[in-house]
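Novice: missing the sequence, but the structure's below:
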């Protein structure tokens, strides 16, 4: 829950050019979100959470951050350019609207929304304020082999992308999870939550700008004591450019696996395919960031841990400063979130 990817420090701004704040520390992804921004040159000025224990743990990792007495104290600081937040999923959209109304850009953990109305509110606030609503789709943005896969696809290494297969297994760690984690109204459902990574990757690697949900299903297969938890989900999409997508997400990672989940992506093209073994190479290397490529020239394997970096964070900082969209367009950010909601709704309609 506090997975902290490490990469090269590649500052795109000076030490005082991009102050930001962290708020609402309900999910451990906030640590990685802040690390990515700091490594790109941002300065962490404030932290806020109503729970002093969360703040104390955060400050042990980021001691430079001043503790705010309230979220308003952060919003009232004219120096703060961006608010990074990882609150309970059902609150993330509203927090973003408050931050944008105060003139701040916003960077939240996935999934950003649990209901369609939250998405529409955020779209409306972006249109009204011109601020950014960015989302930490970490399984592409903060994984080096996934970054390199994007470069290869863009260069035409596998031809036209036909299909993306996304597997997102996670370890449950049931005893360590907060109560909201098991309440569907709080986390939105497994396709809304973990599925957010997979739908974003499908759009990115295929170049699709929209998709139709042709199948979606969710289940609780192994945790009858927690009836609000969906521990298995799957979905099939058809992109507006003809590309297809199958995802499987679950909370069924066995205790014997050396890491929290054997996340994999397979990108099939007309001239080859790429497989990403993101976090572990089962029964082989304990490290992650393995990229396997097969094309007309043969078979190649790339070990990319520490070799690529995470350009998203620097690009996001520059986008906020220059009002550009190089890190991720707002349309892409919101469309990935919309597909999560649509897939979850389809699964909920056919229990």
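Specialist: Sure thing, it's come through. The structure presented is a predicted model; accordingly, all values stated were derived computationally and were not measured. Residues are numbered from 1 along each chain as shown.
Novice: Just want the most central residue of this protein.
Specialist: Central residue check for the chain by CA atoms, centre = their mean: the C-alpha nearest the mean position is that of residue 137, 1.7 Å away.
Novice: Return the distance of that residue relative to residue 253.
Specialist: Noted for residue 137: a distance of 20 Å to residue 253, by CB to CB, to the nearest Å. C-betas here are computed from N, CA, C, even on glycine.
Novice: go on, residue 8?
Specialist: Distance from residue 8 to residue 253, counting by CB to CB: 29 Å.
Novice: on that earlier part again, what residues are up against the nearest residue to the residue nearest to the centre of the chain once chain neighbours are set aside?
Specialist: In space, residue 137 comes closest to residue 200 once its chain neighbours are excluded; the distance is 4.2 Å by CB to CB, 6 or more residues apart in numbering. By CB atoms under 8 Å, 6 or more residues apart in numbering, residue 200 lies in contact with 110, 135, 137, 140, 332, 336.
Novice: can you do 10 Å?
Specialist: Each residue near residue 200 by CB atoms under 10 Å, 6 or more residues apart in numbering is listed here: 110, 135, 137-141, 166, 328, 332-333, 335-337, 339-340.
Novice: same question, residue 148
Specialist: Applying CB under 10 Å, 6+ apart to residue 148 gives the contacts 274, 276, 289, 291, 293, 302, 304, 307, 308, 309.
Novice: again, 8 Å this time
Specialist: For residue 148, the contacting residues are 291, 302, 304, 307, 308, by CB under 8 Å, 6+ apart.
Novice: Quick check: it vs residue 142, distance?
Specialist: Counting by CB to CB, the gap from residue 148 to residue 142 is 13 Å.
Novice: Repeat that for residue 181.
Specialist: Distance from residue 181 to residue 142, by CB to CB: 21 Å.
Novice: Show me where this protein has its strands.
Specialist: Remark: strands assigned in the chain by DSSP state E are 19-23, 43-48, 66-67, 82-85, 105-109, 133-136, 161-169, 211-219, 232-239, 244-250, 264-269, 272-277, 290-295, 298-303.
Novice: how about the ones you listed in TSV, adding mean pLDDT?
Specialist: Listed next are those as TSV, based on pLDDT from 0 to 100:
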stretch	mean pLDDT
strand 19-23	98
strand 43-48	98
strand 66-67	98
strand 82-85	98
strand 105-109	98
strand 133-136	98
strand 161-169	98
strand 211-219	98
strand 232-239	98
strand 244-250	98
strand 264-269	98
strand 272-277	98
strand 290-295	98
strand 298-303	97
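Novice: Kindly reformat those strands as CSV containing distance to residue 30 and mean neighbour count.
Specialist: Formatted as CSV, these follow (distance: least, CB to CB, whole Å; neighbours: other CB atoms under 10 Å):
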stretch, distance to residue 30, mean neighbour count
strand 19-23, 6, 24
strand 43-48, 9, 21
strand 66-67, 15, 14
strand 82-85, 7, 26
strand 105-109, 7, 26
strand 133-136, 9, 25
strand 161-169, 20, 21
strand 211-219, 26, 18
strand 232-239, 24, 21
strand 244-250, 21, 22
strand 264-269, 24, 21
strand 272-277, 25, 22
strand 290-295, 27, 18
strand 298-303, 29, 12
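Novice: Just send the ones you listed back as JSON lines, with distance to residue 34 too.
Specialist: Shown next, in JSON lines, are these (distance: least, CB to CB, whole Å):
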{"stretch": "strand 19-23", "distance to residue 34": "5"}
{"stretch": "strand 43-48", "distance to residue 34": "6"}
{"stretch": "strand 66-67", "distance to residue 34": "14"}
{"stretch": "strand 82-85", "distance to residue 34": "6"}
{"stretch": "strand 105-109", "distance to residue 34": "10"}
{"stretch": "strand 133-136", "distance to residue 34": "10"}
{"stretch": "strand 161-169", "distance to residue 34": "23"}
{"stretch": "strand 211-219", "distance to residue 34": "31"}
{"stretch": "strand 232-239", "distance to residue 34": "29"}
{"stretch": "strand 244-250", "distance to residue 34": "25"}
{"stretch": "strand 264-269", "distance to residue 34": "26"}
{"stretch": "strand 272-277", "distance to residue 34": "25"}
{"stretch": "strand 290-295", "distance to residue 34": "27"}
{"stretch": "strand 298-303", "distance to residue 34": "27"}
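Novice: quick one: which of these is nearest residue 124?
Specialist: strand 133-136 (10.9 Å; CB to CB).
Novice: Output the contacting helices and strands for the closest one.
Specialist: Strand 133-136 sits against helix 29-39, strand 105-109, helix 116-129, helix 330-349, with contacts defined as 3 or more CB pairs under 8 Å, 6 or more residues apart in numbering; DSSP states H and E.
Novice: buried residues in the first one?
Specialist: In other words, helix 29-39. If you call a residue buried by 16 or more other CB atoms under 10 Å, then helix 29-39 has these buried ones: 29, 30, 31, 32, 33, 34, 35, 36, 37, 38, 39.
Novice: Now do the third one against residue 103, distance only.
Specialist: Residue 31 sits 26 Å away from residue 103, going by CB to CB.
Novice: picking that back up, and the residue nearest to the centre of the chain, its phi and psi?
Specialist: phi -80, psi 80 (degrees, to the nearest 10).
Novice: I figured it was touching residue 197, is that so?
Specialist: Yes: at 5.7 Å, residue 137 counts as touching residue 197 under the criterion of CB atoms under 8 Å.
Novice: quick one: the residue nearest to the centre of the chain from residue 80, how far?
Specialist: According to CB to CB, residue 137 and residue 80 sit 23 Å apart.
Novice: Pull the contacting residues for residue 55.
Specialist: Residues near residue 55 by CB under 8 Å, 6+ apart: 25, 47, 48, 49, 67.
Novice: Cheers, nothing more for now.
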